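Trainee: I need the structure of the sequence given here:
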Amino acid sequence: MPTVVFIHGTGVREPGFSALAGRFAAALTALRAGLRVVPYYWGGRHGATLAAGGACLPPEGGASRGLAEAPAGWDADDDTAAWAALYTHPDGELEVAASGAERAVERPPGSVPPQERTRALLLSLAAQGDDLAAELGPGLARAAADLAAHPLLGPAASALEPGDLAVLIARALAARVMAAALDADLPVIAGGDARDRVVDRLASALGAAPQGAERGLRGVLLRAAGSAASRAVVRRRRALTQATHPAAGDVLRYLARGEGTRAELRDLVAGLEPPVTVVGHSLGGIIALDTLVAAALPQVRLLVTVGSQGPFLYESGSLPSLAHPEPLPPHVPDWLNLYDPRDLLGYLGAGLFPGRVTDVMVDSRQPFPAAHSAYWTHPDVYRHIVERLP
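Mentor: Predicted coordinates for the structure are as follows:
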């Protein structure tokens, strides 16, 4: 029976790992029956922790979050940059729309303010729970309740047509849920297609005609990005290089004391019947590559790295088992390397090891860092793996 060993990446801990491994196994076996999927969870024993409770960290600063001038490389034909801004500041479009409202005037007695219908629909969404955005993560009900009470809902409603307001609010809801998922460092992040389906579903629930979630995404946000009123997009509070983020600690700990992790993986693979495929995400790909370079494991017929920094570590002289320009040892099996062009932690191997690595691009349509965790919701990832399985 073919076996696939799945190795997780940085920052993943239980119970997130079990959920991720289950998702991986279900998606893979749906495409090819008869596979045995064996998870390797190194995070519990070998993952980094701040042993003194974070005594080394300075106090958090008061950096603000907000919308800004268009960042360098902003492409008006690419909605990824717009979503990156919304994940940073989910209410940004609402604020921009409200800023364009005319000064409030007294309404005739008995007239209904334009925002009241949207507020009622938001409260109805809140009462239904999180199901309409389940693929993005938890938090829709709370986001809907918060937006229903937002002080800028009224000004935005007076500045926009009802359908445009519905789409804008739907994006704000999706952005709030996605931002919460990113702040929680969930091991799986929905791809852009799933996000857009959720936005269209929410927009319809808020009264917009179903026309496709991509409609008008850049309309309000990108006009603001080019104006003097817009402000610089701030970095996420827990940037990947900040010491409080477990991902940074995991990489540093592995590079300093990784032999125990490699030894466990060797022992695991040694007990498996061939053919074995090893799939590693992020640091998991580094662990897999490092282990296979250091010692021959004849059971392994295919190495798959996904969004991994192995090629970068090799070229920079940081890979423990192999220093540039040493060639890849002959005993290393076929190597499939999947990367997302928007994932700043995914690198290419074919140029470093000609004829030994196949680089294949997948595009989640998510900005970084969401792109780094969106591989496991992308069907092409599983298709590429299954097509290469021995």
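
Trainee: Show me which helix or strand of this structure is least confident by mean pLDDT.
Mentor: Within the chain, no helix or strand scores below helix 217-225, which has a mean of 45 by mean pLDDT, DSSP states H and E.

Trainee: can you give me the strands for the stretch 101-250 of the chain?
Mentor: Counting by DSSP state E, counting those that start in this stretch, the stretch 101-250 of the chain has no strands to list.

Trainee: longest single helix anywhere in the chain?
Mentor: Using DSSP state H to define each element, the chain has its longest helix at helix 162-183.

Trainee: ok now that one, how far from the chain's centre?
Mentor: Here the centre of helix 162-183 is set off from its chain's centre by 16 Å, with CA atoms, centre = their mean, to the nearest Å.

Trainee: Start at 39, not 1
Mentor: Yep, numbering from 39; the last one is helix 200-221 now.

Trainee: quick one: buried residues of it?
Mentor: 201-220 (16 or more other CB atoms under 10 Å). For the C-beta atoms, the positions are set from N, CA and C on the backbone; glycine is no exception.

Trainee: helices or strands up against that helix?
Mentor: Helix 200-221 sits against helix 117-126, helix 130-137, helix 153-166, helix 178-186, helix 191-197, helix 230-243, helix 255-263, with contacts defined as 3 or more CB pairs under 8 Å, 6 or more residues apart in numbering; DSSP states H and E.

Trainee: what is the mean pLDDT for it?
Mentor: Averaged over helix 200-221, pLDDT sits at 93.

Trainee: repeat for stretch 312-328
Mentor: Summarised as a single mean, pLDDT over stretch 312-328 is 98.

Trainee: Could you work out the end-to-end span of it for me?
Mentor: End-to-end span of stretch 312-328 (CA to CA, to the nearest Å): 20 Å.

Trainee: For it, what is the distance to the chain centroid?
Mentor: Centroid separation for stretch 312-328 versus its chain: 20 Å, with CA atoms, centre = their mean.

Trainee: can you check stretch 216-230 too?
Mentor: Counting by CA atoms, centre = their mean, stretch 216-230 comes out at 5 Å from the chain centroid.

Trainee: what does that stretch rub up against?
Mentor: Here stretch 216-230 makes contact (CB atoms under 8 Å, 6 or more residues apart in numbering) with 46-47, 49-50, 54-55, 57-58, 61, 117-118, 121, 125-126, 128, 173-177, 233, 236, 274-276, 283-285, 402-404, 407-408, 410-412, 414-416.

Trainee: go again using 6 Å as the cut-off
Mentor: Stretch 216-230 is contacted by residues 49-50, 54, 58, 125, 128, 173-175, 177, 402-404, 408, 411-412, 414-416 when judged by CB atoms under 6 Å, 6 or more residues apart in numbering.
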